[in-house]
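Novice: Here is the input, now give the coordinates:
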Amino acid sequence: AETGQRGYLLSGDKIFLEPYNGAKQKALTLVSEVAAQTKDNAIQQKNAAKMQDIIEKRLTIIENTINVKERGGNVSVAELLAGKEYMDAARLTTKSMQTEETRLLELRTADLNKLASYTPTLIVFAAICSLLITFFFYRKVSTDFNARMQLQQALQDKNEEIDHRIEVIQGLASQISAGNYSIRLEEGSADGLGSLAGYLNAMAESLQYSFALLNDKEWLQAGIANLNDKMVGEKSVADLATDILGNIVDHTNSQVAALYLLEDKDLRLAGSYALEESQKREIITLGVGITGQAAESGKQMLLNDIPEGKLTISYASGHTVPKNIVAVPIFRNLEVVGVMEFGSISAYT
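Specialist: Next comes the predicted model:
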């Protein structure tokens, strides 16, 4: 807003007022967001109220000087100095808010470190208790089982075996009917119960395959629908690339991504997601690396076991190496026009 004011006061051209238009609402909205996020801090609430008052008064001075200029008058030095005083006050208030947040961060970090110091002791104690409980119940179950086995008669063995097999098959059928299609029963017997178990396994395998296909289709359709929504509207190439990568990263649980477009037989970086500046490659030659190879071959490329230092995913407390990197070619009219590259700390399926 100040830049637009200066430009207008010097040139008289209203085109310089474009940054000023809407600046008041944006600034007050940001202050309101800060106030909402610091409701538990009385100091920050006072700072936010003070900042709002400063912004309103500063923008009022800017508006007055613009009105004076529009009427053909001259803006006094006193008005300009008053505006400068409010800007200095805004900077001091901002510095005060930053200092307060830093203080709170240090306090909360100290509390967290204090709690973390108790964790090893609790873990050791819980582990010892778990071992004791496990040993006690193991001895009890083992003793009861041996006593029961000694009391059983030989003539009941076959009946118990049959009952057990029927129960297992019933459990398998119940699991399948409940939607657990990955369960299988190992039944080596050639009798009728063994055949029934084989049929249930075949049915479970068929249902698992069918529902997996259905889930994959639903996942793909949902991803396409969300991607179409992101691509609607007039956008620059950079904005469109950012929206596309953000949507696909969320849908595929990736943590890092880049989009390259084919220009003059080279791949040029159009957008990236969570990619460090030091790792950005603005231009990739066709056939070089998995990205260049994916563009040249038109096939998806998957890279496992990423070497240390080749690519890292950064976060607030450090870096980590992705487990998988996949390069996916982009087609238009059956021709490759670009490549998207994604990295994830978990394996892609």
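Novice: helix or strand right after the helix or strand in which residue 165 is found?
Specialist: Using DSSP states H and E, residue 165 sits within helix 154-177. Tracing the chain C-terminally past helix 154-177 and defining elements by DSSP H and E, one meets helix 192-231 next.
Novice: so that next one versus helix 154-177, what angle?
Specialist: For helix 192-231 against helix 154-177, the angle by axes from the mean of the first three to the mean of the last three Cα atoms, to 10 degrees is 20 degrees.
Novice: Following the chain onward from helix 192-231, which element is next?
Specialist: Following helix 192-231 toward the C-terminus (DSSP H and E): helix 237-252.
Novice: List the buried residues of that following helix.
Specialist: 240-245, 247-249, 252 (16 or more other Cβ atoms under 10 Å). Quick note: C-beta positions are derived from backbone N, CA and C, even for glycine.
Novice: Check stretch 90-97 too.
Specialist: Buried residues in stretch 90-97, counted by 16+ other Cβ under 10 Å: 90, 93, 96-97.
Novice: so which of these comes closest to residue 110?
Specialist: Nearest to residue 110 out of the buried residues of stretch 90-97 is residue 97 (Cβ to Cβ; 20.8 Å).
Novice: Now that closest one. Nearest residue, chain neighbours left out?
Specialist: In space, and not counting its chain neighbours, residue 97 is closest to residue 47: 4.7 Å by Cβ to Cβ, 6 or more residues apart in numbering.
Novice: Could you report the neighbour count for the one you found?
Specialist: By other Cβ atoms under 10 Å, 23 other residues sit near residue 47.
Novice: how near is it to residue 96?
Specialist: Residue 47 sits 6 Å away from residue 96, taking Cβ to Cβ, to the nearest Å as the criterion.
Novice: one step back: got the buried residues of helix 237-252 as a markdown table, with distance to residue 204 and pLDDT columns?
Specialist: As requested, the buried residues of helix 237-252 are arranged in a markdown table below (distance: Cβ to Cβ, whole Å; pLDDT from 0 to 100):
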| residue | distance to residue 204 | pLDDT |
| --- | --- | --- |
| 240 | 44 | 84 |
| 241 | 44 | 85 |
| 242 | 44 | 86 |
| 243 | 41 | 86 |
| 244 | 39 | 87 |
| 245 | 39 | 88 |
| 247 | 35 | 88 |
| 248 | 33 | 88 |
| 249 | 34 | 88 |
| 252 | 28 | 87 |
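Novice: Name the nearest of the residues you listed relative to residue 164.
Specialist: Nearest member of the buried residues of helix 237-252 to residue 164, counting by Cβ to Cβ, is residue 252, at 44.3 Å.
Novice: Quick one: residues contacting the closest residue in space to the closest one that isn't next to it in sequence.
Specialist: Excluding the flanking residues, the one nearest residue 252 by Cβ to Cβ, 6+ apart is residue 342, at 6.3 Å. The contact partners of residue 342, taken as Cβ atoms under 8 Å, 6 or more residues apart in numbering, are 248-249, 252, 254, 256-257, 325-326, 328.
Novice: any idea whether residue 342 is helix, strand or coil?
Specialist: At residue 342 the chain is in strand, as set by DSSP: H, G, I helix; E, B strand; the rest coil.
Novice: what sits opposite it in the beta ladder?
Specialist: Beta-bridge pairing for residue 342 (DSSP bridges): residue 257, residue 326.
Novice: what separates it from residue 45, distance-wise?
Specialist: Taking Cβ to Cβ as the measure, residue 342 falls 42 Å from residue 45.
Novice: So, low pLDDT: which residues of the stretch 101-250 of the chain?
Specialist: 181, 183-197, 199-200 (pLDDT under 70).
Novice: Please repeat the previous calculation with a cut-off of 50.
Specialist: Within the stretch 101-250 of the chain, the segments meeting pLDDT under 50 span 190.
Novice: so how far is residue 158 from residue 55?
Specialist: On the measure of Cβ to Cβ, residue 55 and residue 158 end up 88 Å apart.
Novice: my bad, should have said residue 110
Specialist: From residue 110 to residue 158 the distance is 69 Å (Cβ to Cβ).
Novice: And for residue 334?
Specialist: Residue 334 sits 66 Å away from residue 158, going by Cβ to Cβ.
Novice: Comparing the two, which shows the higher neighbour count?
Specialist: Taking neighbours as other Cβ under 10 Å, residue 334 and residue 158 compare with residue 158 leading, 9 against 6.
Novice: Just want to check the distance between the more buried one and residue 345.
Specialist: In terms of Cβ to Cβ, residue 158 sits 53 Å off from residue 345.
Novice: Residue 42 too?
Specialist: Applying Cβ to Cβ to residue 42 and residue 345 gives a distance of 40 Å.
Novice: do the same with residue 331
Specialist: 28 Å.
Novice: Tell me which of these two has more neighbours.
Specialist: Neighbour count, other Cβ under 10 Å: between residue 331 and residue 345, residue 345 has more, with 14 against 10.
Novice: so the more buried one makes contact with residue 256?
Specialist: No: checked against Cβ atoms under 8 Å, the pair residue 345 and residue 256 is beyond contact range at 9.3 Å.
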